[in-house]
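Engineer: This is a predicted model, with the sequence first.
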Amino acid sequence: MSRLISAAATILLLLGLLAIPAAAQEPPDYVVADPTFEAREGATAYSGTLTVDGADSGYQIEVPDDWNGTLVLYAHGFVGPQQADLIVQPPPLRDLFIAQGFAWAASSYSANGYVIDSSIEETDALRTRFAELTGEDEPTATIVHGFSMGGHITGAAIERRPDAYVGALPACGVMGDLALFDYFADVNLVGDTLAGVEVPIPGDLSYLQGPAQQISAILGLQTGLRTPGGVQYADVVEHLSGGERPTFEESLRFWNVDAAIDPGEGPTIPFLRALYGRALSGGLETPVGAGDAYDNADTVYQFPNHPEGELSPVEEALNALVPRVEGDAPAPFAVIDGEPEIPVLSLHTTGDLFVPLLNQRIYAQEVADHGLSENLVQRTVRAAGHCDFTPEELVTAFGDLVTWITTGERPEGEDLLDDAVVADRDLGCAWTSETRPGMPECDPPTAITVEGADPVATSIAVSQGWEASPAAVIARADDFADGLTGASLAGGLGAPLLLNPVEALSPDVMAELRRLGVTDVTLLGGTAALSDGVEPGLADAGMTVARVAGTNRFGTAAAIATALAEAAGAPPAEVFLANGGGFADSVAVAALSAFSLQPILLVEQDRVPAETTAALAALGDPATAAVGGTDVISDQIAPDVRLAGDNRYGTSAAVVEASRGAGLRVNEPWLVDGETFVEALVAGPAAAAAGQVMAMVDGDDLAGSAGSTNDLIASLAGLVEDLVVVETADSVAQSSVDALLVSLTDG
C-alpha cells in the first residue's frame with residue numbers, strides 16, 4: 001500500500017489552486033457529482049443519489065464477496081463551501097477493508113462547508129438503507145470512522161445513536177467541536193495584539209488584504225520567530241493548541257511557511273492567518289471562531305507549562321491587551337458531549353495546528369468527567385501535518401480497534417490528560433511508523449556543542465547561528481567591563497555579539513561580518529576598550545560604525561540602555577540592576593535581557609552611581625529587578641524585584657524561572673560555564689534569538705552548581721530534546737555534559 005495522501009497535502013493543493021475573491025461570495029447551488037466508481041477485484045460497487053430530509057447526497061458502497069457482515073461507515077472531512085460539486089470520498093483504508101472482508105459506505109453529504117447535523121443523518125442512512133441499496137443482508141455490526149470534520153461527525157454520531165455502532169475510529173478529528181473555532185480566533189487575536197495591529201472581529205477577507213501580511217512580518221512568523229513578540233506568540237499558540245509538547249517548533253514552522261498561501265499580491269500568509277481571513281471558504285461565512293458563539297471574556301492566555309492562573313507580569317500584560325468578545329449563542333452544530341458507550345480509538349498527530357491536539361485533550365476530559373475513560377484509547381503520531389498518517393499507522397489502529405471490539409481487550413494508548421505525558425519528548429514515538437522530514441527523532445537528549453579555541457573564536461562560532469544580520473555588536477575580548485551589559489543591545493538589534501582584541505580588527509571577525517552581510521556595527525566602550533585601530537577596516541568595508549561608551553563601566557551601561565531604548569522604540573518598563581564589580585550576575589541575565597529588551601544597569605553593593613541614577617531618570621524611572629543576593633546588591637538600593645540564589649548558580653536558576661515567565665522555552669536550553677564571562681555574554685543574544693533559556697553551570701565538575709542549576713536541568717527531564725553547550729577551550733568538561741545528559745534521561 002502506498003503512502004496515503006494526507007489531508008495536509010490536500011489543503012496545500014487547495015490553497016495552491018485557490019483564487020481569493022475580492023469580496024464575500026454567495027454559496028453555490030450544490031450538485032451531486034456522478035458517484036459511479038469501479039469496484040476492487042473480489043467486491044461489488046453500489047452508488048447513487050440518496051434523499052434524506054428532502055436533501056440529496058451522493059453515496060458509494062463496496063461489499064467484498066466474502067463479506068464478514070460488518071459495515072464501516074466513512075465520514076470525510078471539510079470541503080470548502082464555495083465548491084459546487086458534492087463528491088463522495090472513498091476511505092483511505094478501502095483496500096484493507098475489502099481484503100479483510102469489511103463492507104464500507106460513504107456519503108458526499110448534501111452540502112459542502114462545515115456541516116455536521118445533516119451529515120450525521122446522511123451517513124447513518126447508508127446503514128439503515130444498506131439492504132435496500134445493495135440487496136445484501138442487513139449488517140450485523142457497524143463501525144464508524146472519519147477524518148477531521150469526519151471525526152466530529154463520528155464522535156457526535158455515536159452519541160446520537162449509541163446502539164447503532166460497535167466501535168469508532170476518529171482520526172485527526174474535531175473532537176473538541178466549538179473549541180476548535182474558538183482556537184482559530186484566539187491565536188489570531190493574540191498575534192494581532194503582540195504585533196500591535198488592529199483586526200476585524202470576526203475575521204473576513206479584509207484581513208487578507210494587508211493586516212495578515214503585516215502581522216506576519218512584525219512577528220517574524222515566516223523568518224524564524226526571532227522577535228520577542230514572535231516567540232511569545234509561538235508560546236501562546238502552543239498552550240492554546242494543546243500544551244507543551246515535542247515537535248511543536250517544527251510544526252509551527254510547517255504551518256507558517258510550508259502551508260502558507262499566496263494572496264495574489266504581497267508576501268505569502270501563514271495558514272492560520274489565512275484561515276481567519278476565510279481563505280479556505282472563498283470568503284463565505286463559515287465558523288472561524290469569532291462569531292455569535294465565540295466568547296473569550298474569561299479566556300486566560302499564557303505560556304506553556306505554567307500552573308493555570310499563575311501568570312507572569314508579561315502574561316498579565318498580554319491578557320490585559322487582547323480584545324475580548326462576549327458570545328451569547330449556542331454552537332451552530334451538534335457538539336460532542338464525551339459519552340461514548342462503545343470502544344473509541346482516536347488517532348492524532350502531535351504537530352497538527354489546523355485541528356490541534358487540543359481536541360483530543362478536551363475529548364479525554366469530557367469522557368473522564370462521565371466516567372467512561374475505559375471506552376477511549378488515544379494515540380499520537382509524530383507529524384506536523386493534518387491527518388498525516390502512514391498506511392501502517394492507520395492499519396494498526398483499525399486492527400487494534402477491531403480486536404478490542406471482538407475480544408473486549410482494551411489496546412494501549414497515551415494518557416493525554418497528563419501534562420507530563422503530553423510534554424514528554426517521547427510523545428507519539430510508540431505509534432509512529434516512520435520519521436517525517438523535519439521531525440526530530442525519538443532519541444535521548446544529546447549535546448550540541450558550540451565552541452572556540454579562544455574568546456574571539458567562540459563568539460564567531462555562536463554568531464554562525466545567524467544566517468544573516470544587517471547589524472552586529474562588538475565588545476573587547478579580554479575583559480568584561482564594557483561588554484558586560486551589551487547582550488541587551490544585541491538583542492534589541494536582533495544581532496550577534498562578537499568579541500575582538502583591543503588594538504585591531506581581527507581578520508576572522510571581519511570575515512564573519514562579511515558572511516552575515518553586516519552594514520551597521522556598534523562598538524561597546526571607548527578607545528581603551530576597542531582602539532581607533534578597529535574602526536578603519538570596518539569603514540573601508542562600507543560599514544557604518546557607531547560607538548556606545550561612557551567614561552567608566554557604569555557610564556557605558558547607561559549609554560547602552562539609552563541605545564537599547566532607541567532601538568526598541570520605547571523606554572523599558574523594567575531594568576535589571578547588577579553589581580558592576582564582577583560579571584557573574586549581569587551575564588546570568590544576558591539571555592533574558594536580550595529577549596525582553598530590558599537593559600542592565602550597574603550598581604555597587606550599597607550605592608547607585610550617578611551615571612546609573614541619571615540613566616534611570618532618563619528612562620522614565622522604570623521598575624528595577626536586582627540580579628543577585630544582598631551580598632552583591634543590598635536592600636538599601638530597594639529594587640522592586642530580586643532574582644537571586646545562594647550563589648551565582650542559584651541566581652542563574654532564578655533567572656531561568658523568570659525567563660520562562662517571559663516566554664523563553666526549555667526544549668533546547670543553552671548552557672555556559674559560570675566561571676568566565678565570555679560564553680554567557682555572547683550566548684545570551686543567541687539563546688534569546690532562538691527563544692531558549694540560558695543557564696550557568698560549574699563547568700569543571702558541576703560541584704559549584706549542585707543544588708541549583710544542576711537540579712533545575714534535571715527537573716526538565718522529558719522536556720529537553722537537546723542541550724546547547726557553549727564553551728571556550730573545553731571550559732565545560734565532557735564529564736559534566738555527560739552527567740547532565742544522564743540526569744535528563746533518568747530524571
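Structural biologist: Arrived safely, thanks for sending. Numbers count the residues shown, from 1 in each chain.

Engineer: how far out from the middle of the chain is stretch 317-329?
Structural biologist: Between the mean C-alpha location of stretch 317-329 and the chain-wide mean there is a distance of 22 Å, by CA atoms, centre = their mean, to the nearest Å.

Engineer: now the end-to-end length of that stretch.
Structural biologist: By CA to CA, to the nearest Å, the extent of stretch 317-329 from end to end equals 29 Å.

Engineer: do the same with stretch 326-336
Structural biologist: 22 Å.

Engineer: which outside residues touch it?
Structural biologist: 114-117, 120, 152, 155-156, 159-160, 175-178, 287, 291-295, 297, 363, 366 (CB atoms under 8 Å, 6 or more residues apart in numbering). Where C-beta positions appear, they are placed from N, C-alpha and C, glycine not excepted.

Engineer: What mean pLDDT does it get?
Structural biologist: Taken as a whole, stretch 326-336 has an average pLDDT of 89.

Engineer: before we move on, back to that, list the ones among the contacts of stretch 326-336 that fall in helices.
Structural biologist: For the contacts of stretch 326-336, the ones inside helices are 117, 120, 152, 155-156, 159-160, 178, 363, 366, with DSSP state H as the criterion.

Engineer: ok, so of those residues, who is nearest P440?
Structural biologist: Ranked by distance to P440 (CB to CB), those are led by Y363 at 26.2 Å.

Engineer: Could you pull up the residues touching the closest one?
Structural biologist: For Y363, the contacting residues are 155, 175-176, 336, 338, 346, 376, 378, taking CB under 8 Å, 6+ apart as the criterion.

Engineer: Tell me how far it lies from S736.
Structural biologist: Relative to S736, Y363 is positioned 44 Å away (CB to CB, to the nearest Å).

Engineer: where does the chain have low pLDDT?
Structural biologist: Scanning the chain for pLDDT under 70 picks out the ranges 1-25, 286-291, 305-309, 746-747.

Engineer: What residues sit buried inside stretch 500-515?
Structural biologist: Of the residues in stretch 500-515, those with enough neighbours to count as buried (16 or more other CB atoms under 10 Å) are 500-502, 505-506, 508-510, 512-513.

Engineer: Then stretch 119-134?
Structural biologist: Neighbour counts over stretch 119-134 (16+ other CB under 10 Å) mark 119-127, 130, 133-134 as buried.

Engineer: Could I get the CA-only coordinates of that stretch as PDB?
Structural biologist: The C-alpha coordinates for stretch 119-134 follow below in PDB (Å, rounded to 0.1, in the frame of the first residue of the first chain):
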ATOM      1  CA  SER A 119     -24.000  14.800   7.500                       C
ATOM      2  CA  ILE A 120     -24.600  12.500  10.500                       C
ATOM      3  CA  GLU A 121     -28.100  11.600   9.200                       C
ATOM      4  CA  GLU A 122     -26.900  11.200   5.600                       C
ATOM      5  CA  THR A 123     -24.100   8.900   6.700                       C
ATOM      6  CA  ASP A 124     -26.200   6.900   9.000                       C
ATOM      7  CA  ALA A 125     -28.900   6.500   6.300                       C
ATOM      8  CA  LEU A 126     -26.400   4.300   4.500                       C
ATOM      9  CA  ARG A 127     -26.500   1.900   7.400                       C
ATOM     10  CA  THR A 128     -30.300   1.900   7.800                       C
ATOM     11  CA  ARG A 129     -30.900   1.600   4.000                       C
ATOM     12  CA  PHE A 130     -27.900  -0.700   3.300                       C
ATOM     13  CA  ALA A 131     -30.000  -3.800   2.400                       C
ATOM     14  CA  GLU A 132     -32.400  -1.700   0.300                       C
ATOM     15  CA  LEU A 133     -29.500  -0.100  -1.700                       C
ATOM     16  CA  THR A 134     -27.400  -3.200  -2.200                       C
END
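
Engineer: is it true that Q605 touches N579?
Structural biologist: Yes. Under the contact definition of CB atoms under 8 Å, Q605 touches N579, with a separation of 6.4 Å.

Engineer: which neighbours do the two share?
Structural biologist: With contacts taken as CB under 8 Å, 6+ apart, the residues that reach both Q605 and N579 are 632-633.

Engineer: Can you add secondary structure and distance to S459 and give the buried residues of stretch 119-134 back as CSV?
Structural biologist: Conversion of the buried residues of stretch 119-134 to CSV gives the following (DSSP: H, G, I helix; E, B strand; the rest coil; distance: CB to CB, whole Å):
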residue, secondary structure, distance to S459
S119, helix, 60
I120, helix, 62
E121, helix, 67
E122, helix, 65
T123, helix, 63
D124, helix, 66
A125, helix, 70
L126, helix, 67
R127, helix, 68
F130, helix, 72
L133, helix, 73
T134, helix, 74
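
Engineer: As JSON lines, those with distance to A453 would be great.
Structural biologist: Rendered in JSON lines, the data for the buried residues of stretch 119-134 read as follows (distance: CB to CB, whole Å):
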{"residue": "S119", "distance to A453": "66"}
{"residue": "I120", "distance to A453": "68"}
{"residue": "E121", "distance to A453": "73"}
{"residue": "E122", "distance to A453": "71"}
{"residue": "T123", "distance to A453": "67"}
{"residue": "D124", "distance to A453": "71"}
{"residue": "A125", "distance to A453": "75"}
{"residue": "L126", "distance to A453": "71"}
{"residue": "R127", "distance to A453": "72"}
{"residue": "F130", "distance to A453": "75"}
{"residue": "L133", "distance to A453": "77"}
{"residue": "T134", "distance to A453": "77"}
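
Engineer: out of those residues, who's nearest T613?
Structural biologist: Taking CB to CB as the measure, T613 lies nearest S119 of the buried residues of stretch 119-134, at 69.3 Å.

Engineer: Just say helix, strand or coil for the closest residue to the closest one other than its chain neighbours.
Structural biologist: Once its chain neighbours are removed from consideration, S119 has its nearest residue in Y109; the separation is 4.5 Å (CB to CB, 6 or more residues apart in numbering). Here Y109 is coil, with the state taken from DSSP: H, G, I helix; E, B strand; the rest coil.

Engineer: Show me where the stretch 1-150 of the chain has its helices.
Structural biologist: Per DSSP state H, counting those that start in this stretch, the stretch 1-150 of the chain carries helices over the ranges 7-17, 94-99, 117-128, 130-134, 149-160.

Engineer: gap between the last one and the chain center?
Structural biologist: Think helix 149-160. Counting by CA atoms, centre = their mean, helix 149-160 is centred 28 Å from the centre of its parent chain.

Engineer: Which other helices and strands does that helix contact?
Structural biologist: Identification of packing neighbours for helix 149-160 by 3 or more CB pairs under 8 Å, 6 or more residues apart in numbering; DSSP states H and E yields strand 70-75, helix 117-128, strand 141-147, strand 167-171, strand 344-349.

Engineer: out of these, deepest packed?
Structural biologist: Burial among these, expressed as mean neighbours by mean count of other CB atoms under 10 Å, is greatest for strand 344-349, which shows a mean of 29.

Engineer: Can I get it as PDB, trimmed to CA atoms?
Structural biologist: Written as PDB, here are the backbone C-alpha positions of strand 344-349 (Å, rounded to 0.1, in the frame of the first residue of the first chain):
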ATOM      1  CA  VAL A 344     -13.400   4.500  20.600                       C
ATOM      2  CA  LEU A 345      -9.800   4.600  19.300                       C
ATOM      3  CA  SER A 346      -8.800   8.100  18.400                       C
ATOM      4  CA  LEU A 347      -5.600   9.000  16.400                       C
ATOM      5  CA  HIS A 348      -4.000  12.400  16.100                       C
ATOM      6  CA  THR A 349      -0.700  14.000  15.000                       C
END
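
Engineer: looking just at contacts, which helices and strands does that strand meet?
Structural biologist: When contacts are defined as 3+ CB pairs under 8 Å, 6+ apart, strand 344-349 packs onto helix 149-160, strand 167-171, helix 358-369, strand 376-381, helix 391-407.

Engineer: and the angle from the fourth one to strand 344-349?
Structural biologist: Note on geometry: by axes from the mean of the first three to the mean of the last three CA atoms, to 10 degrees, strand 376-381 and strand 344-349 are set 20 degrees apart in direction.
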